[in-house]
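Asker: here is my input; please provide its structure:
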Amino acid sequence: MVNGWWVAALAHADRTSDAEALLARTEAANAGVFPEYLDAEQGERLGTTPLAWSAAGVVLGRAALQGAGLSEWTAPEPPSDSAHEIDGPPSVVVAGEVLVDFITTETVDDLGAAALFERHAGGSPANLATNLARLGVPVTLVATVGDDSLGRFVTREIERTGVAARMGTRVEDPTSVVTVARSAGTPDFAVYRTADRYLTPDQLPDRLLRQARVFHTSGFALSREPARATLLDAARRAARLGVTISIDINFAPRSEARRLEKQDAARQILALGPLVKCSHDDLARLWGADAASDDAAADRLVDLGASLVCLTRGPDGALVVWDGGRAEVDAEPVDAVDATGAGDAFWSGFLAAWLGGQTPPDCARAGARMAALKLARVGPLPDRVDAAAVLGTG
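Answerer: The predicted structure follows:
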């Protein structure tokens, strides 16, 4: 995809021979094998560079050389220098996957129907951290990226929002990538996991954890070693230090054996009494045929140790269950144009309200307001949002 932009740039500058040469190399690369996109654990070939967006680059390059769309083409804008600092120790330490999202430019039901993609910083923990920073919450993000240009891009984008990013780098593995179909509902996606799962204990020392009120991670991050062992250990240490644990149960097992592994990881972190964010789709993927009604599913998580469960239902709002209480909260009315990251936006609003001492139903209402801002917008939220409006304190 990136090569496609450069082909367009060269063609636009009347450097046709250079553009043709780059396009030829891109097409040849698509027919070859890139070892960095092999599954290191299973030895399975994941293909060449993620095929959807690599092919999209070829389409863009060919169109540019044929003169299509050149009058509308503009060079990519340089990164904004609008970074801002949030003072003080982190209220929240977030640890888990950082990915580069390649999101379709058009709304499609599946990735195979897409031709063009846009690049964004992504990964559920990264989305949560940047959204908390947008709400003015001091937050530290701990993750691992490749020692490459995409790793530097995603780190720069995250830090620009005010997040304190503690990024490990992997020389041996490229930055992880996900391709996502833009959708008003649950999007189709394909993940190419590499560097993100190499989290190590030295990235999460006690001196960092004890500063926080909340330690958050994701089921996705817990789904592969060595990140699983690192994050479970960090969560146990944080709990012993009196830090509240938070988890997004977004496991996505691809086999029954993997499902059993993820159920074990879920039980281990649920035993620490966390705040849990989940959707019905998340629980269906985790428990398989054992998935129950929303009420029964939430009760099951509480029985396994969760101190609070917030089960999001998209346009049908959210169910919140906690010790001694249960409430249903309506979604905010919104014309949804892009659901990518809406769940992460919801949980950022919820946690920001929780840190402010609000009740569980009011926390869910804050989450619904934050999610509505994301649903109404294509791409990420602006660097700052009206925190008082989201939290209902204005």
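
Asker: surely Leu286 and Leu260 touch.
Answerer: No - in this structure, Leu286 is not within contact of Leu260 by Cβ atoms under 8 Å, at 10.5 Å. Quick note: C-beta positions are derived from backbone N, CA and C, even for glycine.

Asker: would you map the helices across the protein?
Answerer: Under the criterion DSSP state H, the chain contains helices at 2-12, 16-30, 51-65, 124-134, 149-160, 206-209, 219-222, 227-240, 256-270, 280-287, 294-303, 342-355, 360-375, 387-391.

Asker: helices and strands around the longest one, which ones?
Answerer: Contacts defined by 3 or more Cβ pairs under 8 Å, 6 or more residues apart in numbering; DSSP states H and E place helix 360-375 against strand 308-312, strand 318-322, strand 325-329, helix 342-355, helix 387-391.

Asker: quick one, that helix and strand 325-329 angle?
Answerer: 30 degrees (axes from the mean of the first three to the mean of the last three Cα atoms, to 10 degrees).

Asker: report how many residues lie close to Ser237.
Answerer: Let me fix one detail, which is that residue 237 is Arg and not Ser. 17 (other Cβ atoms under 10 Å).

Asker: that one and Leu208: what is the separation?
Answerer: 10 Å (Cβ to Cβ, to the nearest Å).

Asker: try Tyr198
Answerer: Tyr198 is 18 Å from Leu208, by Cβ to Cβ.

Asker: quick one, which of these two is more surrounded?
Answerer: The neighbour comparison of Tyr198 against Leu208 (other Cβ under 10 Å) goes to Tyr198, with 23 against 20.

Asker: which residues does that one contact?
Answerer: Thr144, Gly168, Arg170, Asp173, Pro226, Ala227 (Cβ atoms under 8 Å, 6 or more residues apart in numbering).

Asker: let's see it at 6 Å
Answerer: Going by Cβ atoms under 6 Å, 6 or more residues apart in numbering, Tyr198 touches Thr144, Arg170.

Asker: just Leu381 next, same as before
Answerer: Counting by Cβ under 6 Å, 6+ apart, Leu381 touches Arg134, Lys374.

Asker: can you check Thr186 too?
Answerer: Per Cβ under 6 Å, 6+ apart, neighbours of Thr186: Asp281.

Asker: can you tell me the closest non-neighbouring residue to Cys278?
Answerer: Excluding its sequence neighbours, the residue lying closest to Cys278 (Cβ to Cβ, 6 or more residues apart in numbering) is Ile249, at 4.1 Å.

Asker: do you know the pLDDT at that neighbour?
Answerer: Looking at Ile249, its pLDDT stands at 95.

Asker: measure it to Val180 for me?
Answerer: 19 Å.

Asker: do Asp344 as well
Answerer: Distance from Asp344 to Val180, by Cβ to Cβ: 13 Å.

Asker: quick one: the strands in the stretch 51-200 of the chain, in order.
Answerer: Assigned by DSSP state E, counting those that start in this stretch, the stretch 51-200 of the chain shows strands spanning 92-95, 99-107, 117-122, 139-146, 164-170, 177-182, 189-192.

Asker: out of these, the one nearest Arg326 is which?
Answerer: strand 92-95 (25.6 Å; Cβ to Cβ).

Asker: contacts for the closest one?
Answerer: By Cβ under 6 Å, 6+ apart, strand 92-95 touches 125, 128-129, 132, 139-142, 212, 214-217.

Asker: turn the residues you listed into a markdown table, including pLDDT.
Answerer: Listed next are the contacts of strand 92-95 as a markdown table, based on pLDDT from 0 to 100:
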| residue | pLDDT |
| --- | --- |
| Pro125 | 98 |
| Leu128 | 98 |
| Ala129 | 98 |
| Leu132 | 98 |
| Val139 | 98 |
| Thr140 | 98 |
| Leu141 | 99 |
| Val142 | 99 |
| Ala212 | 98 |
| Val214 | 99 |
| Phe215 | 99 |
| His216 | 99 |
| Thr217 | 99 |
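
Asker: where does the stretch 101-250 of the chain have low pLDDT?
Answerer: Residues of the stretch 101-250 of the chain meeting the criterion pLDDT under 70: 184.

Asker: let's see that with 80 instead.
Answerer: Scanning the stretch 101-250 of the chain for pLDDT under 80 picks out the ranges 183-187.
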